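>>> What would the 3D arrangement of this be:
(chains A, B, C, D, E and F)
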Number of protein chains: 6
Amino acid sequence: MSNLDKDLLDREGKRRTLQGCDSDYDQAGIVVFGAPFDSTTSYRPGARFAPMAIRQESTGTETYSPFLQKDLSEIMVCDAGDLELPFGHPQKALEQIEKTIARILQDQKTPVMIGGEHLVTLPAIRAVLKKHQDLCVIQFDAHADLRDEYLGCCLSHATVMRRVWDLVGDGRIYQFGIRSGEAAEFFWSKTHTNMTRFGFEELRETLEKLKGIPLYLSIDLDVLDPGIFPGTGTPEHGGISYIDLRRAITQTGITGQVVAADICELSPHYDPSGISILAACTLLRELLLSL
Amino acid sequence: MSNLDKDLLDREGKRRTLQGCDSDYDQAGIVVFGAPFDSTTSYRPGARFAPMAIRQESTGTETYSPFLQKDLSEIMVCDAGDLELPFGHPQKALEQIEKTIARILQDQKTPVMIGGEHLVTLPAIRAVLKKHQDLCVIQFDAHADLRDEYLGCCLSHATVMRRVWDLVGDGRIYQFGIRSGEAAEFFWSKTHTNMTRFGFEELRETLEKLKGIPLYLSIDLDVLDPGIFPGTGTPEHGGISYIDLRRAITQTGITGQVVAADICELSPHYDPSGISILAACTLLRELLLSL
Amino acid sequence: MSNLDKDLLDREGKRRTLQGCDSDYDQAGIVVFGAPFDSTTSYRPGARFAPMAIRQESTGTETYSPFLQKDLSEIMVCDAGDLELPFGHPQKALEQIEKTIARILQDQKTPVMIGGEHLVTLPAIRAVLKKHQDLCVIQFDAHADLRDEYLGCCLSHATVMRRVWDLVGDGRIYQFGIRSGEAAEFFWSKTHTNMTRFGFEELRETLEKLKGIPLYLSIDLDVLDPGIFPGTGTPEHGGISYIDLRRAITQTGITGQVVAADICELSPHYDPSGISILAACTLLRELLLSL
Amino acid sequence: MSNLDKDLLDREGKRRTLQGCDSDYDQAGIVVFGAPFDSTTSYRPGARFAPMAIRQESTGTETYSPFLQKDLSEIMVCDAGDLELPFGHPQKALEQIEKTIARILQDQKTPVMIGGEHLVTLPAIRAVLKKHQDLCVIQFDAHADLRDEYLGCCLSHATVMRRVWDLVGDGRIYQFGIRSGEAAEFFWSKTHTNMTRFGFEELRETLEKLKGIPLYLSIDLDVLDPGIFPGTGTPEHGGISYIDLRRAITQTGITGQVVAADICELSPHYDPSGISILAACTLLRELLLSL
Amino acid sequence: MSNLDKDLLDREGKRRTLQGCDSDYDQAGIVVFGAPFDSTTSYRPGARFAPMAIRQESTGTETYSPFLQKDLSEIMVCDAGDLELPFGHPQKALEQIEKTIARILQDQKTPVMIGGEHLVTLPAIRAVLKKHQDLCVIQFDAHADLRDEYLGCCLSHATVMRRVWDLVGDGRIYQFGIRSGEAAEFFWSKTHTNMTRFGFEELRETLEKLKGIPLYLSIDLDVLDPGIFPGTGTPEHGGISYIDLRRAITQTGITGQVVAADICELSPHYDPSGISILAACTLLRELLLSL
Amino acid sequence: MSNLDKDLLDREGKRRTLQGCDSDYDQAGIVVFGAPFDSTTSYRPGARFAPMAIRQESTGTETYSPFLQKDLSEIMVCDAGDLELPFGHPQKALEQIEKTIARILQDQKTPVMIGGEHLVTLPAIRAVLKKHQDLCVIQFDAHADLRDEYLGCCLSHATVMRRVWDLVGDGRIYQFGIRSGEAAEFFWSKTHTNMTRFGFEELRETLEKLKGIPLYLSIDLDVLDPGIFPGTGTPEHGGISYIDLRRAITQTGITGQVVAADICELSPHYDPSGISILAACTLLRELLLSL
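The predicted model follows:
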């Protein structure tokens, strides 16, 4: 192979992964991958474009976090690319995601999934539960996602946490930032999940309480305020600031208990200014650095 | 009529009104209608598109307010559609609005008007004054709107509150959130209106003071910060947060004294992300639920 | 009911249907309805927003066609609203569409469906075939849509015409304007469908040949050139002009043989200028006037 | 005054006029000015922004026309700036325009007005008629603009040519490119105006016939196809190509009979790509070079 | 010259400068000019369009500040227009800027430069240092801009403050709001500059300390939060609110020590809603009023 | 390495190159690479984003050309990634490009470069001339690009063909589609280049005449009409259709004489609809398939 080619390919090979996530799979402790699925999105679709958009945006952002005073070059992350998921067929798509998460866990690595819509969390948790039966779920989200069915279907981004509850049962889902849903969802949550409405007030004590228990962290980015994150399927006003979400993420990450995580519901085409993609990109960096 | 047709038409009939506002006129306590007029807008026109945009957006939003813990299905609201107003002829347009408000009041219902530009408030107040001579006006707005004329004309969105003052006189207009205007307007307001600059600091005590007096609530949505509400004709930085405006609206609404209200100056085409329409839509829900 | 209310509601009731399509179902000869489904869209989703966007746009367009010298007021069309279809579950959605088309046909009316993605054509043809066993299909499209499966699934907007072939067999699908596909699709079409690539050259003689045979007309709007119709999921350059498509539609419509039709694949959010919605809206008018 | 200042101001002074239109008023043979009025626009407002947008765009375009092989530097044009017109008050605005045109004509110069909506043509023609009683009007437009009233008003961009007819009478308005209107307008035109539908077929013979007669040339830019000119209030598909409009303009201009002209209905905010502004800008150059 | 012409030109002459900045150069105490250069921008270019965009926006904003209770009409500002700088040739562009600043200072006026990218600050400071050897620099910015080189070049918007340090040495650069950069920049800053990360906490005491010393104020607008200022080349989340930046600017301005200032990095095309241009425009007003 | 990882990485590795261009460098006959440089762009910058945008778009387009009836899988193309070029320093950037082209030629492969602005053509031709002294240049472009200097600089996208002439001399540059420039450029071209204005009329006879001579094909995409290609720095109306450019490209490509080629001046951010990127992407496919 010519030197020139080597130069070009090497440099480019690095630029095509998430910036700073170019470790080999075998050496990596964390494996990031995309799950570009959005077929059950009920309002504004397009979360399928999120993984590619975040990867591209990352070439323009710093790998160093002045908040954590740490650089992605200090840890070993492998960007394993995107799954190719069939549009309009949730069942098949969820199976592929479950298999992928299962394998990464089996290889003793921490999977971090970039959605896609929030339904992708369901197969991820199903896979993790096989390894960690005592798993608890931390959900940052504007929506309760606790409907039992939506338009006659039980697999939907609006029912995902109800389906997770089918798997884990009462008291093991901790919801933060919730500010939208049907009356019935809020009522149901009272006896089945631990819901903190509007913000993160009880996060610290929750983490205290859960010390030692394996955690799944699911970040639905629509928990952010639409003023800084308009690029999502179902934005809700009155949301969380970037700084508060960043803090909540790293607070959870540095417990060392997070065994898998996802970051969902960026729908980049709805934000022509690009700041939503940027938020997703740097929050992912903060998540990776704190794990 | 075939069953199929009934099904389709019924469902659709409901979806074409504001979500949750499908009561019959006769049974409704509140009547919402659109006044798509924006001919005197001096900077970026397009408020004419607001009523239709809000109606469409409402199909994607919840009817339940987790803030008020109340659902639109619990109250009786009739969406009576939009007036058809002649572009470029304020006099005629204002007459139609005045007549409409008058009739709704006569039928013992509370009118809630969706602008359009802020000038639509003038005929509304003129109609209400005929029924409630002791009316006071609560205005949430970034602009004083107190010029005596604008480019040689006395009917304009920039003069509307001065024209209202012509009707009600000194001390009966309460302005909140004002942060833009000519020096002369601020000076004039000192002796003629009650102006709280920048925020809502004195809202609570104002409402205390006005206990028992009928109120007209006029919400110029540009009182919101452009970061969450860019879709308006003349945005002004340094504005109100969604949460603060929501609180101010419901605080006023639950006094039970509001006899008519409007929500104006959404110009949806200036916000490709759609979050301005969303804000208008959910704030209207909060207003309706608190009346 | 008060007079005022009647006035408002009546006028508005009319404005909320497609302009000029406000006949009662029972009296109408043509029934238009929306099928807002786009879950299998492989590239840029959003065809779900098409029916609502076309309806809204129609309020700003003329009901008179200077081409056909005819007005929508001269014919009886009922806009029956939109179906509510579950996102991400093609099987269920297709059943609802099939049932709807079947009922309209049973009532001796001509159904005209506004997609949604192109897959909605499959259940429509399935329903029509029950009444008209000798049906032939006229397809205007940039894409062959003849794959046998796509990403492992057999129900997709990329396989729809192959599935239609499963129903009608060789030689009964006439494709026009095709300019994109896999090599295998073009090869397969040689023995199974009648394909005119790039344009409408053979449309006139095709219609001659099919004289007396019931026709299903399926208009995938991406047959238009992206220069005038960028708002679609998978645009393809080198397409048809508005004038040529308009002529092809009316040429087919005035045969009097069209027993059902659809107009698909407008994805309005990808065209901020709005001209794609406008094209869909006026082409629908031309289709209705020529049926 | 310092040298530096002189340098800065001189260069900038030139850049702030339309590129190549920086002659002094007294020496200029042609005077261009803006009439930023759009209050009667019935669909998408914003033509008010056209003069400023064209002026700014002109800094990025060539002053040389390879079509006419002529440069703006070879002729004397004065860009006299924009009128300040009151929004929402057509009567007053029209008076100001009439006075301006009258004065320019009195000074023996050719006025070229940049709209604004099409209603601005009315006062211009009123002023010109005082000097040239035998004036004929050449209109390039997608719309007939021949309604007698619109939403109850007789002054509107949809009635402007009917109002012009009130001034000039039968047979003196020549309309080209018309492809939208009510049936009644097309019918009325048969006995009152000379209408060429869809294109310019009869332009050459019209100009032959009118040899020696003073002409007013009114260019409603929506005559262009929306594919190249989406940035207008009421686009209509099936329109004219840039090349054909350019040719029609210069064909008319080089007769030497055009005593006044306007170019209207650019609404720049509806075209984020900017090509509509560009078209307006270079067509204005071609108009000026051919007068 | 005719009266009409005078009227038109005069009014327009004023409207083409920044609103309220139409003093003659000789009488003005402050001279504003544009430096539309963005060739070294590494991510999203377009700051070249800032001066023209701000000037145009200013026609729609008030000249009165309710915060400072002062109007631009009370001070003498000359808008001297824009420099014409060669794209892609930093060396030449920087020389022109330096010469311009030098002349304005020599004429005993305060220069206020509208960028352009941040590199334009370097020649400005070079010019000022010749007059004020003891100059200190106040920088409001999201980025440290302290790299020694960027992609092999030492002149870049990412190295500008390092180049300024080459001129002024240790301890004379005060940085506020910094929240992005390489680890090495943060490390280097510890011994060479005075950096306040994330906000303005130490601004007041800094200004106390620097009493009597001439100051250069450089405002990189990306210090603002992307929620209110998406229109910039490299936005960074977690930024400053409009109100805090406004206060920091006027706090610095009213010391009377600012001998020159710039406001940089608005890239208007990245914000279709226009609120970024608006923020730049009113912050410039506040800066001018406080100098 | 685990199987899962292999699967993910392999699939993704392919998706990250231009679709269908995943041959190894050593086996490839054609090498595509990006030159993301746009520092001398005088009007709307952003061509730097073109290579990445085309690569991403290619994942949604077919590899089969129904025009050429050929698939990218039938030829061997290596996508070697993008060069990392310093912004604002043309000299350095051009050197890197020249070195890259030289090496690819030395390895007996055909280089195809994706710009970036048009200036990138200069170093490419400089490199090719060292191998093919008798090279002729075929340029498809809206602009003559023949200025001797632009804003005082001789290296610019507006001077590039004049600089190429410095290298090759009279009569060896063939320009097609030219429709914009200064009068002086058109005059100069008469004695120095072979210019076909507005279209491709003389392309066939030119290719006849040049039979046997090595050709450099430079495609400035702004030769296309803005209606189908708004996403470029300096669009010009009255341009070429997609079909005509496609034909001109393949006509030139199939001569077998093209030893190197480039495709320039896509500026994707100026076209929110995405059709400009799509055009660039499929025209690149046609170019590759015809070489």
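
>>> Which parts of the stretch 1-150 of chain A are strands?
According to DSSP state E, counting those that start in this stretch, the stretch 1-150 of chain A carries its strands in the segments A:30-35, A:64-65, A:70-71, A:77-82, A:110-115, A:136-140.

>>> Using JSON lines, lay out these together with distance to chain C, mean neighbour count and mean pLDDT.
All C-beta atoms are positioned from the backbone trio N, CA, C, and that covers glycine. Output for these, formatted as JSON lines (distance: least, CB to the nearest CB, whole Å; neighbours: other CB atoms under 10 Å in any protein chain shown; pLDDT from 0 to 100):
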{"stretch": "strand A:30-35", "distance to chain C": "14", "mean neighbour count": "26", "mean pLDDT": "96"}
{"stretch": "strand A:64-65", "distance to chain C": "34", "mean neighbour count": "22", "mean pLDDT": "97"}
{"stretch": "strand A:70-71", "distance to chain C": "36", "mean neighbour count": "18", "mean pLDDT": "97"}
{"stretch": "strand A:77-82", "distance to chain C": "13", "mean neighbour count": "25", "mean pLDDT": "93"}
{"stretch": "strand A:110-115", "distance to chain C": "14", "mean neighbour count": "25", "mean pLDDT": "98"}
{"stretch": "strand A:136-140", "distance to chain C": "21", "mean neighbour count": "24", "mean pLDDT": "98"}
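
>>> Figure out which of those strands is closest to chain F.
strand A:77-82 (2.4 Å; CB to the nearest CB).

>>> what's near enough to touch the residue nearest to residue A:55 when sequence neighbours are not counted?
The shortest distance from residue A:55 to any non-neighbouring residue, by CB to CB, 6 or more residues apart in numbering or on different chains, is to residue A:18 (5.3 Å). Contact partners of residue A:18, counting by CB atoms under 8 Å, 6 or more residues apart in numbering or on different chains, are A:32, A:54, A:55, A:58, A:77, A:79, A:284.

>>> Name the SS class of the residue in the stretch 151-291 of chain A positioned nearest to chain B, please.
The nearest approach of the stretch 151-291 of chain A to chain B comes at residue A:230, 3.6 Å away (CB to the nearest CB). The three-state label given to residue A:230 by DSSP: H, G, I helix; E, B strand; the rest coil is coil.

>>> The residue in the stretch 151-291 of chain A positioned nearest to chain D: helix or strand, and which one exactly?
With CB to the nearest CB, the shortest gap between the stretch 151-291 of chain A and chain D falls at residue A:272, namely 8.4 Å. Using DSSP states H and E, residue A:272 is not contained in any helix or strand.

>>> Distance of it relative to chain F?
6 Å (CB to the nearest CB, to the nearest Å).

>>> do residue A:169 as well
For residue A:169 relative to chain F (CB to the nearest CB), the value is 30 Å.

>>> pLDDT value on that residue, please?
Model confidence at residue A:169, given as pLDDT, is 97.

>>> So what's the residue count around it?
Other residues lying near residue A:169 total 10 when counted by other CB atoms under 10 Å in any protein chain shown.

>>> Excluding chain neighbours, what is closest to the residue in chain A that chain E sits nearest to?
Closest to chain E within chain A is residue A:273: 3.6 Å, counting by CB to the nearest CB. Computed as CB to CB, 6+ apart, the closest residue to residue A:273 that is not its neighbour in sequence is residue E:230, at 3.6 Å.

>>> residues touching the one you found, list them.
A:273, A:274, A:275, E:270, E:271, E:276.

>>> Among these, which one sits closest to chain C?
Once CB to the nearest CB is applied, the member of the contacts of residue E:230 that ends up nearest chain C is residue A:273, at 13.5 Å.

>>> Identify the residues contacting the closest one.
B:273, E:226, E:230, E:231, E:270, E:271, E:272, E:273 are the contacts of residue A:273 under CB under 8 Å, 6+ apart.

>>> Residue A:215 touches residue A:254, doesn't it?
No. The criterion here is CB atoms under 8 Å, and residue A:215 misses it with residue A:254 at 11.7 Å.

>>> Have a look at the two and say which one is more surrounded.
Ranked by neighbour count (other CB under 10 Å), residue A:215 and residue A:254 place residue A:215 first, with 24 against 14.

>>> can you pull the contacts of the more buried one?
Neighbours of residue A:215 in contact, by CB under 8 Å, 6+ apart: A:135, A:136, A:137, A:138, A:252, A:255, A:257, A:258, A:259.

>>> Over to residue A:192?
Applying CB under 8 Å, 6+ apart, the residues near residue A:192 are A:146, A:165, A:170, A:171, A:173.

>>> if we go to 6 Å?
residue A:170 (CB atoms under 6 Å, 6 or more residues apart in numbering or on different chains).

>>> do the one 4 residues further on as well
The contact partners of residue A:196, by CB under 6 Å, 6+ apart, come to A:176, A:202.

>>> is it fair to say it lies in a helix?
No. Counting by three-state DSSP, residue A:196 is not part of a helix but strand.

>>> circling back: so the residue of the stretch 151-291 of chain A closest to chain D touches residue B:272, yeah?
Yes. Here residue A:272 reaches residue B:272: they are 5.4 Å apart, a contact under CB atoms under 6 Å.

>>> any idea of the pLDDT on residue A:145?
At residue A:145, pLDDT is 95.
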